[in-house]
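**Q** For reference, the sequence and a predicted model appear below.
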Amino acid sequence: MKKKKIRKSYTELKRTLSFERDILQNLLDNIPDAIYFKDNKNRLVRINKYYADGFKLSPEDIIGKTDFDFFQKDQAQSMFDDDTYVLKTGKPIIGKIERTLLPNGTHVCVTTTKIPIKNKKNRVIGTMGVTRDITAYDKTERTNLDMIINSLKVLDKILETKDPYTFGHTRRVSIIAEKIAKELSWEKNRILELKISAELHDIGKILIPLEILNKPGKLSELEYKMVQEHVQQSYDMLKPYSFPSKLPEAIYQHHERLDGKGYPRGLLEDKILPEAKILAICDVLESMISHRPYRQALGMDATLQELRDNTGNKYDKNIVDVVLRIINENNNKPFWLNSEPSLQPS
């Protein structure tokens, strides 16, 4: 009698577990996102229908395999590294945006969240991932970005007809800034913000009379102060609009120096944004080797000497080192003069 009860309880338990498993799988299969579970070796142990359909495979053909079986090596390695991070730290990765190449050769933009799975002893034994296709949203955002970029290009052309010295300068500063940021391995959206900051960093000069900007002789003290005010004017023009928060601030700081002797606020090194430190060096680099109405070009040697002599007190050492290396690799030539600027994310 006791054995029958045990057998009956076991059968009911199996039925209950099977029912709950089916309910869970049905729930997962009706979610329009790719959902997947991995063990502590980053092998797939459970997936939903959306995930399997994406590969046009059955779940049986996927379970037990890893991302290296489905994606290009570098892409699979990035996924593997993320899974390993979650396993080792127990911390989630939330909303990571990635561009993924599918086995069928199409690119999609996705956002991925990965969380740790823990046992009763609170030890991480695997991961769960949710990946959502945001390609349509991404295309809309890119279209909007293209419109903004094209508007900036039109503005740039208009301003250049008024003052070719200033607005040709900003375009070249943007090229230099992009090169430095790439060498520093900055994320592409941050590089894009920096490039736009460079394009707009002297926008306030449109409020300064041309006879002062292009004066062939030395500026009076009053005229020099008027020129310095372009920093505040640039900031005031951009701040009311929904630019990324660092963009107007980086422009506001691009004449600050590490020793606090810059303007307009006399900020010290730890208060100056990395973006502004890059803009400061790019601004000096491009200005000194270029001809201006009030002086001849000073040349590359004098420009590099200015950076070397003032590394650590005016200019950030790490950025100066990057600049010196880039220019050395280009045979001490101003590489930006032969480059076409692009505001597209790269």
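**A** Nice, thanks for sending it over. Numbering: from 1, shown residues only.
**Q** so where do the strands sit in the stretch 51-200 of the chain?
**A** Under the criterion DSSP state E, counting those that start in this stretch, the stretch 51-200 of the chain carries strands at the ranges 93-101, 107-118, 124-133.
**Q** Identify, out of those, the most deeply packed stretch.
**A** Mean neighbour counts were taken over the strands of the stretch 51-200 of the chain using mean count of other Cβ atoms under 10 Å, and the top value, a mean of 18, falls to strand 124-133. Every C-beta, even on glycine, is put in place using the N, C-alpha and C of the backbone.
**Q** Return the list of helices and strands in contact with that strand.
**A** The contact analysis (3 or more Cβ pairs under 8 Å, 6 or more residues apart in numbering; DSSP states H and E) places strand 124-133 against strand 34-39, helix 73-89, strand 107-118.
**Q** Including mean pLDDT, could these go into a markdown table?
**A** Rendered in a markdown table, the data for the helices and strands packed on strand 124-133 read as follows (pLDDT from 0 to 100):
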| stretch | mean pLDDT |
| --- | --- |
| strand 34-39 | 94 |
| helix 73-89 | 95 |
| strand 107-118 | 93 |
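**Q** Turn the ones you listed into a markdown table, columns for distance to residue 173.
**A** As requested, the helices and strands packed on strand 124-133 are arranged in a markdown table below (distance: least, Cβ to Cβ, whole Å):
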| stretch | distance to residue 173 |
| --- | --- |
| strand 34-39 | 43 |
| helix 73-89 | 32 |
| strand 107-118 | 30 |
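**Q** Looking at these, spot the one closest to residue 296.
**A** Closest of the helices and strands packed on strand 124-133 to residue 296 is helix 73-89, at 48.4 Å (criterion: Cβ to Cβ).
**Q** got the angle between that closest one and strand 93-101?
**A** Angle of helix 73-89 versus strand 93-101, following axes from the mean of the first three to the mean of the last three Cα atoms, to 10 degrees, is 170 degrees.
**Q** For helix 73-89, list the C-alpha coordinates in PDB.
**A** Taking C-alpha atoms only, helix 73-89 is exported to PDB below (Å, rounded to 0.1, in the frame of the first residue of the first chain):
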ATOM      1  CA  LYS A  73      34.700  33.800 -35.000                       C
ATOM      2  CA  ASP A  74      35.200  37.400 -33.800                       C
ATOM      3  CA  GLN A  75      31.400  37.800 -33.200                       C
ATOM      4  CA  ALA A  76      31.200  34.500 -31.400                       C
ATOM      5  CA  GLN A  77      34.200  35.400 -29.200                       C
ATOM      6  CA  SER A  78      32.500  38.700 -28.200                       C
ATOM      7  CA  MET A  79      29.400  36.700 -27.200                       C
ATOM      8  CA  PHE A  80      31.500  34.100 -25.400                       C
ATOM      9  CA  ASP A  81      33.400  36.900 -23.500                       C
ATOM     10  CA  ASP A  82      30.100  38.400 -22.400                       C
ATOM     11  CA  ASP A  83      28.700  35.100 -21.100                       C
ATOM     12  CA  THR A  84      32.000  34.400 -19.300                       C
ATOM     13  CA  TYR A  85      31.800  37.900 -17.600                       C
ATOM     14  CA  VAL A  86      28.300  37.100 -16.300                       C
ATOM     15  CA  LEU A  87      29.400  33.600 -15.100                       C
ATOM     16  CA  LYS A  88      32.500  35.000 -13.300                       C
ATOM     17  CA  THR A  89      31.000  38.100 -11.800                       C
END
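**Q** Now do that helix: everything it contacts.
**A** Contacting residues not belonging to helix 73-89 are listed as 38, 40, 42, 66-68, 70-71, 91-93, 96, 98, 100-101, 112, 114-116, 124, 126-127, 129 [Cβ atoms under 8 Å, 6 or more residues apart in numbering].
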